[in-house]
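Colleague: here is my input, please return the structure:
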Amino acid sequence: MYITLSISGHGHHPAAWRKSTLPLNVGGIPRYDGVVRVAEAATLDAVIFTPPRFDKSLLANGITDVLQLDNLSVIGSLAAVTNSIGLGASSPIRYNEPFNIARSFSALDNLTAGRSCWLIDLEGHSWTPADFGHASNLSIDDHYCRAEEFLIVVRKLWDSWEDGAVLADKLNGMFADSGKIHPINYAGNFFSVRGPLVAVRPPQGHPPIFMDDMSSAGKRLAASYGDVLIAPCGDRAQAISLTNEMRAASKAASRGGAALKILMMLCPILAKDERSAKNRADDLDQSSDQDAVRSMPPRFVGTPAGLVSHMSEWVDAGACDGFNLAFPVLSEDVSVLVQDVVPKLKQAGLFRAEYPGSTMREHLGLRRPTSQFSKEVA
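Modeller: Prediction:
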């Protein structure tokens, strides 16, 4: 079973900022180093930072935290205080450029020694053209065509420096082997990028690509290019159907059915007994904007033991490969996870006792891709 922790603001419930015990930096920005260290001690696969899914219009009522940190900066700051856990960041495609994304994640993957991953924000929940100075937006079809080109270009840029291209030979004055550095010469409908990247190839080859867009176009991209799909299925039969569909689509894309991992998005609201858990959920809901509450991921309301049973039953039934847990409030919910949930999963043989390797790809059982340019010149 794979388990990632989704972190957004003070937690995934819109009332989280009122309940959270996270320490704060100047200006009220949460500090995440303690939470991430606890998650690493529990051998979770990754922590993934995402923006709140609450619309900025809620600023008008003044009761919902809609602050959006730069997630790339956040995981960069956590690289120095962690050793093994994966560090992921949501970054939007819609208003970004592939060269910038490729360079940023190349740097992050090298800084973390192969522990970065990229959650692609295809939908751009929190963004508008006006935020970025765009006068207009693309049509839906053009948006997804551009997104596919974006992914193609990023992967080519990561491959443009082959493994071992940097020699750093001071004695002979040779910094790099130019025969292992390749322009990509990409020309498409949306991008024309010569390359190569001005950053060394990531230690993982490609940092794992996470996706969570459940549109038909989004699922097609996930089957062709994604390493992990995060899906918000609240019904187990629906989850089984989706997982079977995506494994078949990945196989049809000549990637193999196991090439794409499926994680179910779940917001656990936990307490010592069922009644207390329900009361806690009601209290959170009554302390926040109801439109924001309706935008939350599927919930599990109950006890830690009940969550263990829920997770094991879904994995055993083939509904998913694991879970992306979006706890409502930080950091107390993470403490419950590592003290009362993860030990039970380990005792049952459902979750590992230690990390299987040093990189995010090794955590998830994903193969490391070979540079497409080294194949061409081999």
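Colleague: would you check that residue 191 makes contact with residue 148?
Modeller: No - using CB atoms under 8 Å, residue 191 is not in contact with residue 148; the gap is 10.6 Å. C-beta: built from backbone N, CA, C; applies to glycine.
Colleague: give the contact list for residue 204.
Modeller: 109, 114, 116, 359-361, 368 (CB atoms under 8 Å, 6 or more residues apart in numbering).
Colleague: next, give me the two most distant ones among those.
Modeller: 116 and 368 (13.6 Å; CB to CB).
Colleague: of the two, give the one with the bigger neighbour count.
Modeller: It is residue 116, of residue 116 and residue 368, that has more neighbours when counted by other CB atoms under 10 Å, with 30 against 14.
Colleague: the longest helix in the protein is where?
Modeller: Longest helix of the chain, by residue count under DSSP state H: helix 140-159.
Colleague: what sits up against that one?
Modeller: 93-94, 96, 98-99, 101-103, 105-106, 120, 122, 137-138, 182, 184, 186, 188-191, 193, 195-197, 201-202, 205-206, 209, 217-218, 221, 224-225, 369, 371-374.
Colleague: which of those residues fall within strands?
Modeller: When the contacts of helix 140-159 are checked against strands (DSSP state E), the matches are 120, 186, 193, 209.
Colleague: from those, which single one is nearest residue 294?
Modeller: Of the ones in strands among the contacts of helix 140-159, the one sitting nearest to residue 294 (CB to CB) turns out to be residue 120, at 24.3 Å.
Colleague: one step back: will you turn the ones in strands among the contacts of helix 140-159 into CSV that also has pLDDT and neighbour count?
Modeller: Compiled in CSV, these are given as follows (pLDDT from 0 to 100; neighbours: other CB atoms under 10 Å):
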residue, pLDDT, neighbour count
120, 95, 24
186, 97, 16
193, 97, 23
209, 98, 20
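Colleague: and which of those residues is nearest residue 268?
Modeller: residue 120 (24.8 Å).
Colleague: how near is the closest one to residue 211?
Modeller: 5 Å (CB to CB, to the nearest Å).
Colleague: now the common contact residues for the two.
Modeller: Counting by CB under 8 Å, 6+ apart, the contacts common to residue 120 and residue 211 are residue 226.
Colleague: residue ranges with poor pLDDT in this structure?
Modeller: Filtered on pLDDT under 70, the chain yields the residue ranges 54-63, 66, 124-136, 375-378.
Colleague: residue boundaries of the strands in it?
Modeller: Under DSSP E, the chain gives strands at 2-7, 46-49, 86-92, 116-121, 166-169, 174-176, 186-187, 192-193, 209-211, 228-231, 261-270, 299-302, 322-325.
Colleague: can you check which of these gets nearest to residue 286?
Modeller: strand 261-270 (13.4 Å).
Colleague: tell me the angle of that closest one relative to strand 2-7?
Modeller: 60 degrees (axes from the mean of the first three to the mean of the last three CA atoms, to 10 degrees).
Colleague: strand 261-270: how far from the chain's middle?
Modeller: 13 Å (CA atoms, centre = their mean, to the nearest Å).
Colleague: what does stretch 213-220 give?
Modeller: That offset, for stretch 213-220, works out to 16 Å (CA atoms, centre = their mean).
Colleague: try stretch 300-314
Modeller: With CA atoms, centre = their mean, you get 22 Å for stretch 300-314.
Colleague: what's the answer for stretch 304-315, then?
Modeller: Distance of stretch 304-315 from its chain centroid, counting by CA atoms, centre = their mean, is 22 Å.
Colleague: same check on stretch 264-277?
Modeller: Taking mean C-alpha positions (CA atoms, centre = their mean), stretch 264-277 and its chain are 23 Å apart.
Colleague: just the CA trace of that stretch, in PDB.
Modeller: Taking Å, rounded to 0.1, in the frame of the first residue of the first chain, the C-alpha atoms of stretch 264-277 are listed here in PDB:
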ATOM      1  CA  MET A 264      -7.600   7.500  -3.800                       C
ATOM      2  CA  MET A 265      -8.000  11.000  -2.300                       C
ATOM      3  CA  LEU A 266      -9.500  10.700   1.100                       C
ATOM      4  CA  CYS A 267     -10.200  13.200   3.900                       C
ATOM      5  CA  PRO A 268     -10.200  11.300   7.200                       C
ATOM      6  CA  ILE A 269     -12.000  13.000  10.100                       C
ATOM      7  CA  LEU A 270     -11.000  10.900  13.100                       C
ATOM      8  CA  ALA A 271     -11.800  10.600  16.800                       C
ATOM      9  CA  LYS A 272     -11.800   8.000  19.600                       C
ATOM     10  CA  ASP A 273     -15.300   6.800  18.700                       C
ATOM     11  CA  GLU A 274     -17.900   7.100  16.000                       C
ATOM     12  CA  ARG A 275     -20.000   9.700  17.800                       C
ATOM     13  CA  SER A 276     -17.000  11.900  18.600                       C
ATOM     14  CA  ALA A 277     -15.900  11.700  15.000                       C
END
